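A.B. asks: requesting a structural model of the entry that follows:
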Amino acid sequence: MIMMMAAPMVTGSRGAGARKRILVVDDSLIMRNLITEIVDSDPDLEVVDTAPDGRSALQKVRQLKPDAVLLDIEMPEMSGLETLRRLNLRSTCKVVILSSLVANEDSSKRVEALRLGAVATIGKPSGGVSFDLKQKRASEIVRTLRRALDLPTEGEPIIPPAEAETPERPAPAGFADDLLAGLETGVLLFDHSGRLMRANPAAGRILRGCDVAPGHATIGSICGEFNQPLGDEIWDVIGGGESRLPDEADFAAPDGGWIPVRRTIRPTGRPSEPRGALVLLDDITDARRMRALLDKTMSPGVARNWLAAPDEHLGGELRDATILFADVRGFTSLAETLGAYAVVDFLNRYFAYMADVISAEGGTIDKFIGDGIMALFGIPTSHGDDADRAVAAARNMLRALALLNDQPGFPRLKIGIGIATGPVIAGRIGSPDRMNHTVIGNAANFAARIEGACKTYGCQILVSDETMKRLHRPVTSRMVDVVAVEGQQTQTAIHEVFVEPPEDAEQWLELFSAGVSAYLAGDFATAQHHFANVGMINPDDPVTRVLAERCRQLDRKPPADWTGAWKLREK
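C.D. replies: From the prediction side, this is the model:
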C-alpha cells in the first residue's frame, strides 16, 4: 500500500508561498499518490489537488486555476485527450501529458496531444501500477514541469522564450464557426421571426434526422407536433419571457424515437433590436441509461442521491432506521431440484413481487443476498412512521407470497422475516474504486439474527422490542422470548407479528403470555402448565411447542444464573 508522503518544507528560490500549483489527473489512486510525492518534493512546485477523471479535472481547473495540469490519457468516461481539448477552450494553464500511450516519439496519441495544445509529453511505464515511476520517471516529471512553467532546471540557464510571431487573427465569423464546431453541446440560434440562423454540427447529431439547416429550418419545422412544448418555450423567450434554465426534456425524433436532452434557452440581441433565442442542447442519453441502471440496482431515492453528488466520496452519517431481512427457507435443496435456469427464473419472479411490496411501503431495497433481501425503512428518506411501514411490508410480503405460491408450476416457498429498529451508519462504504450504499450497525445485525431465529421458533415474522415500541398502528402480535445476541450484553424481547389474527386468539394468547412470564421468571413448571393449556386450544402452534420443550429441559436442570434471556446463536 502506497502512503502519501507530506511535501518537504523547503523554500525555493522563488520565495515562500510562490510555488507553482499543479493539478494531477489520473484514474489510479496509487499513481496519483506517487506523482504527488514526486511533484511535492520540488521546492518550487506543489500539488494543489488531484482528480480521478476528466470531468472532475475540468471542474477543479475552474475552481483552483492551477498553473499546470499533469494529465493521463487513459481514463474512464472522458479521455485525457478530450479533457485536454476542453481545457484549451476554457483555461490558459499548461498541460503536460503523462501516459504510457505517448512513450514513442511517433505515437499517434502523442502527436494528437501536442496538436491539441499539450506543452510536453512524458512516457509512463506501461501495464498496471508501476513503482518504477518513482525511480525512472521522477526527475523527468519534475524537469518537464519546470521547463513548461519557465522555471530554471539544474544545469540549464534561464532562457526567455523566443518571441513568437503573432499569427494573423482569423475573421470573427471563422473563429466562431471553429468554436461552435468543437462543442459537444448542440447550438441553435433563432432570429425574432423564428428562423434558424446558426446551428453547429453537434445540434445535427443530437437531433438526429431533423433538418437544422440555417436559413431553411424554423422553430415550427424543428418543434413539430410532439415537440410543441419546446417550441412554445423558445417563442416565449423571443417574446420577452425569462431565460429557461437547464432542464431535462424528451425530444421526439422523426424516426419515432425519443431523444433525452438537457435544454437551455436564452435571449439574444441588443436591447434596441428584436429578440432572438439561443438554444443549447446536451444529449443525456448516457446519463438516463445510467440512472435507469442505478434504479435497477438500488432504490430510486439512493440513485438520485448518487447522481446528484458527483463527489462520490466514501463516508456515512448516523441515521435512525428500521431494517428488514427476509430469507427463503430450504433454498439449497430447492436449487438442486430445479436446476440453474429455473432457479434464476423463480428467484426473479419472487424478488419482483417482494420489491413491489417493499417499494409500496416506502422501503428501500439495500441488496439482494442470494435468496435473501435486505430492505431499509427511513433511509434515504424518513417518513416518521418507518417502523409501521416495515411491519406492514412484512405482512404484505407474506400475502404476496401466498399469491405467488398459487401460480401453477411455481414451487411453494416459505420465508422468514426479521425486523429491528435503531441507529445505523448509512452511506457509501467500500473502496474508492468500488462502493455500495448500505448501512451498518447493531440494528442491522439484530434484524439478520432474528430473521434466522424464525426457523427456531417456527415464526414467519419476528420483530425487535424497539420496533414494537415505535408502532403507531395496532397489529396482532405476541412477545415470544427475551434474547441476548452472542457477543453483546444487551437483552431484548422479540415479538411475533401475525399476518392475520389467529383463530381463537382471545382464548389462548393470554394463556401463552402467562406461560412466557413464568418462563422468564424461572418458574419452569408453571410455564409448562400454561403452555400445555395453550396446546389444548391451538395444538399446531410451533412457538408453544418450542418453549414448552425448553422449559422441560430447564426444569430438569435449572441454570444457576438464569436471567430470563436466551442466548441467540442463529446467524
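A.B. asks: wait, isn't Pro260 in contact with Asp282?
C.D. replies: No. The pair Pro260 / Asp282 is not scored as a contact, 9.6 Å apart, by C-beta atoms under 8 Å. For every residue, glycine as well, the C-beta is placed using N, CA and C.
A.B. asks: give me the below-cutoff pLDDT ranges for the stretch 351-500 of the chain.
C.D. replies: 429-437, 487-489 (pLDDT under 70).
A.B. asks: now the helices for it?
C.D. replies: When secondary structure is read from DSSP state H, counting those that start in this stretch, the stretch 351-500 of the chain shows helices at 386-405, 442-457, 465-469.
A.B. asks: winner for burial among those?
C.D. replies: helix 442-457 (a mean of 22; mean count of other C-beta atoms under 10 Å).
A.B. asks: what sits up against it?
C.D. replies: Here helix 442-457 makes contact (C-beta atoms under 8 Å, 6 or more residues apart in numbering) with 321-327, 329, 374, 416-424, 459-464, 466, 480-481, 483, 485, 488, 490, 492, 494, 496, 542-543, 546, 568, 570-571.
A.B. asks: repeat that for 6 Å
C.D. replies: 323, 325, 327, 416, 418-422, 424, 462, 464, 480, 485, 494, 543, 546, 568, 570-571 (C-beta atoms under 6 Å, 6 or more residues apart in numbering).
A.B. asks: tell me, which strand in this structure spans the most residues?
C.D. replies: strand 415-431 (DSSP state E).
A.B. asks: sheet partners, orientation included, of it?
C.D. replies: strand 315-328 (antiparallel), strand 434-440 (antiparallel), strand 461-464 (parallel) (DSSP bridges).
A.B. asks: okay, buried residues for the first one please.
C.D. replies: Burial within strand 315-328, assessed by neighbour count using 16 or more other C-beta atoms under 10 Å, is assigned to Gly316, Arg319, Ala321, Thr322, Ile323, Leu324, Phe325, Ala326, Asp327, Val328.
A.B. asks: picking up where we left off before, dump the longest strand of the chain to CSV, restricted to CA.
C.D. replies: Extracted C-alpha coordinates of strand 415-431, given in CSV (Å, rounded to 0.1, in the frame of the first residue of the first chain):
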residue,chain,number,x,y,z
ILE,A,415,-39.8,-17.2,4.0
GLY,A,416,-38.8,-15.8,7.4
ILE,A,417,-38.6,-12.1,8.1
GLY,A,418,-36.7,-10.3,10.8
ILE,A,419,-37.2,-6.6,11.6
ALA,A,420,-35.2,-4.3,14.0
THR,A,421,-35.0,-0.6,14.6
GLY,A,422,-32.2,1.6,15.9
PRO,A,423,-29.3,3.9,14.9
VAL,A,424,-27.2,2.8,12.0
ILE,A,425,-24.4,4.3,9.9
ALA,A,426,-25.7,4.9,6.4
GLY,A,427,-23.6,5.9,3.4
ARG,A,428,-21.2,4.9,0.8
ILE,A,429,-19.0,2.1,2.1
GLY,A,430,-16.2,0.3,0.2
SER,A,431,-13.1,1.3,-1.6
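A.B. asks: any idea of the angle it forms with helix 442-457?
C.D. replies: Angle of strand 415-431 versus helix 442-457, following axes from the mean of the first three to the mean of the last three C-alpha atoms, to 10 degrees, is 150 degrees.
A.B. asks: buried only: go through the contacts of helix 442-457 for me.
C.D. replies: The buried subset of the contacts of helix 442-457 - by 16+ other C-beta under 10 Å - is 323, 325, 327, 416, 418-422, 424, 462, 464, 480, 485, 494, 543, 546, 568, 570.
A.B. asks: can you give me the strands for the stretch 451-571 of the chain?
C.D. replies: Per DSSP state E, counting those that start in this stretch, the stretch 451-571 of the chain carries strands over the ranges 461-464, 477-485, 491-497, 566-568.
A.B. asks: packing partners for the shortest one?
C.D. replies: The reference is to strand 566-568. strand 477-485 (3 or more C-beta pairs under 6 Å, 6 or more residues apart in numbering; DSSP states H and E).
A.B. asks: chain center to the strand it packs on: distance?
C.D. replies: 36 Å (C-alpha atoms, centre = their mean, to the nearest Å).
A.B. asks: equivalent analysis for stretch 278-291, please.
C.D. replies: Taking the mean of its C-alpha atoms, stretch 278-291 sits 19 Å from the chain's own mean (C-alpha atoms, centre = their mean).
A.B. asks: just stretch 386-393 next, same as before
C.D. replies: 25 Å.
A.B. asks: so what touches it?
C.D. replies: Residues from elsewhere that reach stretch 386-393 (C-beta under 6 Å, 6+ apart): 322, 324, 357-358, 361-363, 377-378, 419, 421, 467, 470-473, 497.
A.B. asks: show the buried residues in the residues you listed.
C.D. replies: Here, 16+ other C-beta under 10 Å leaves 322, 324, 357-358, 361-363, 377-378, 419, 421, 467, 470-471, 497 buried among the contacts of stretch 386-393.
A.B. asks: how about those, which pair is most distant?
C.D. replies: Spatial extent of those (C-beta to C-beta) is set by the pair Val357 and Arg470 at 20.3 Å.
A.B. asks: before we move on, back to that, format the strands of the stretch 451-571 of the chain as JSON lines; extra columns: distance to Leu511.
C.D. replies: Putting the strands of the stretch 451-571 of the chain into JSON lines (distance: least, C-beta to C-beta, whole Å) gives the following:
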{"stretch": "strand 461-464", "distance to Leu511": "21"}
{"stretch": "strand 477-485", "distance to Leu511": "11"}
{"stretch": "strand 491-497", "distance to Leu511": "15"}
{"stretch": "strand 566-568", "distance to Leu511": "20"}
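A.B. asks: now Arg329. Nearest residue, chain neighbours left out?
C.D. replies: Spatial nearest neighbour of Arg329, chain neighbours left out: Lys414 (4.2 Å); criterion: C-beta to C-beta, 6 or more residues apart in numbering.
A.B. asks: residues near the one you found, how many?
C.D. replies: Neighbours of Lys414 under the rule other C-beta atoms under 10 Å: 14.
A.B. asks: Ser359 now?
C.D. replies: Ser359 has 15 nearby residues by other C-beta under 10 Å.
A.B. asks: tell me how far it lies from Thr322.
C.D. replies: 15 Å (C-beta to C-beta, to the nearest Å).
A.B. asks: so how far is Val328 from Thr337?
C.D. replies: As judged by C-beta to C-beta, Thr337 and Val328 stand 13 Å apart.
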